[in-house]
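**Q** Pasting a predicted model and its sequence here:
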Protein chains: 2
Amino acid sequence: MNNEELLAATAVDFWKISLGRLDKAFLSLDDAGLQKQVASGKNRVYYLLGHMAAVHDRMLPLLGFGERLHPELDEAFISNPDKTLPDTLSGDDLRAAWTEINTKLTSAIEALPAADWLKRHEAVPAEEFAKEPLRNRLAVLLSRAGHVTFHTGQMRLIKT
Amino acid sequence: MNNEELLAATAVDFWKISLGRLDKAFLSLDDAGLQKQVASGKNRVYYLLGHMAAVHDRMLPLLGFGERLHPELDEAFISNPDKTLPDTLSGDDLRAAWTEINTKLTSAIEALPAADWLKRHEAVPAEEFAKEPLRNRLAVLLSRAGHVTFHTGQMRLIKT
């Protein structure tokens, strides 16, 4: 690998390591565990799992990886806070969507040529990107990996 | 900037954005705020502030940026959990150390040539690094940025 490829591969590794830890935290909980709050009066794991699945699903078009798999998650898990809508999805529904989304997303991440990480992502207009080239796809990947560890830190507080 | 420089600059930006948010969360709290726990029965902010300062201080030699500034933080904030030793440092002591360490560290991070992020860090032996080139300085930077967002997620749960 050349330097460009090594830098991109190190960032992809960071994504995979971060995601792997949160995945383990989510999948270690049964349906009763999903109903626990990360702290008293705060989000349930059920909500966080749906929220993370929805945010990662949005990364697919954002990074040019194709259509979303589960846009229906947004209403319950992005547009509204926890416990404002009835729970219409089972724990198994959420776990399946989470795994399906991350599998497609991480495969596309692993396959992206190093130089393409420097391309514009879909949320930044071309004229702004010309002036601010650091608002690239790699910035999205790192920001979302940081979002993964942000919520992993909250998951670590759950009383067992 | 060439591609190598743009990739490294994007990662450095991620570090600075992540650190800036945690810095703001820490510095928004007065001494009484530092005594709050992130969740019932969990770490106080006082401990997290010392812990983060110590971890970032350790990054100086780890990344080849020179000697540590505050190795004395380790006993209270890394080797031992919260509330096992008496609090010997004031809030101002901790805030000053935190800011001093991050200023030196981030200056050195910003000044590092892009290709140097691919060099070995001090915690990986040369013979292992030859086989595992992704265990480089960039991996440390990203991992520690993820550690920053991990604890930022916990800070967000504090009852105000």
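**A** Here it is on my side, so go on.

**Q** Which residue ranges of chain A form helices?
**A** Under the criterion DSSP state H, helices of chain A are mapped to A:3-27, A:31-34, A:45-62, A:73-74, A:91-111, A:126-131, A:137-155.

**Q** quick one: the spatially most central residue of chain A from residue A:126, how far?
**A** In chain A, the centroid-proximal residue (Cα atoms, centre = their mean) is residue A:56; its distance is 3.4 Å. Separation of residue A:56 from residue A:126 (Cβ to Cβ, to the nearest Å) stands at 25 Å. C-betas here are computed from N, CA, C, even on glycine.

**Q** The residue nearest to residue A:42 when sequence neighbours are not counted and residue B:7: what is the separation?
**A** Among residues not flanking residue A:42 along the chain, residue B:157 sits closest, at 5.5 Å (Cβ to Cβ, 6 or more residues apart in numbering or on different chains). According to Cβ to Cβ, residue B:157 and residue B:7 sit 33 Å apart.

**Q** So these two - more neighbours on which side?
**A** Higher neighbour count among residue B:157 and residue B:7: residue B:7, with 29 against 20, using other Cβ atoms under 10 Å in any protein chain shown.

**Q** How about the contacts made by the residue nearest to residue A:142 when sequence neighbours are not counted?
**A** In this structure, residue A:142 finds its nearest non-sequential neighbour in residue B:14, 4.1 Å apart by Cβ to Cβ, 6+ apart. With contact taken as Cβ atoms under 8 Å, 6 or more residues apart in numbering or on different chains, residue B:14 is in contact with A:139, A:142, A:143, A:146, B:142, B:145.

**Q** Tell me the buried residues within these.
**A** Burial by neighbour count, 16 or more other Cβ atoms under 10 Å in any protein chain shown: within these this picks out A:139, A:142, A:146, B:142, B:145.

**Q** List just the nearest of the residues you listed to residue B:103.
**A** Distance to residue B:103 across those (Cβ to Cβ) is lowest for residue B:145, with 16.7 Å.

**Q** Measure how buried residue A:133 is and give me the count.
**A** Residues lying near residue A:133 (other Cβ under 10 Å) number 15.

**Q** Pull up the gap between it and residue B:3, please.
**A** 10 Å.

**Q** Quickly list what's touching both of these two.
**A** Listed contacts common to residue A:133 and residue B:3 are residue A:118; contacts here mean Cβ under 8 Å, 6+ apart.

**Q** Next, count neighbours for the nearest residue to residue A:75 once chain neighbours are set aside.
**A** Nearest residue to residue A:75, sequence neighbours excluded (Cβ to Cβ, 6+ apart): residue A:85, at 7.2 Å. By the criterion of other Cβ under 10 Å, residue A:85 has 12 neighbours.
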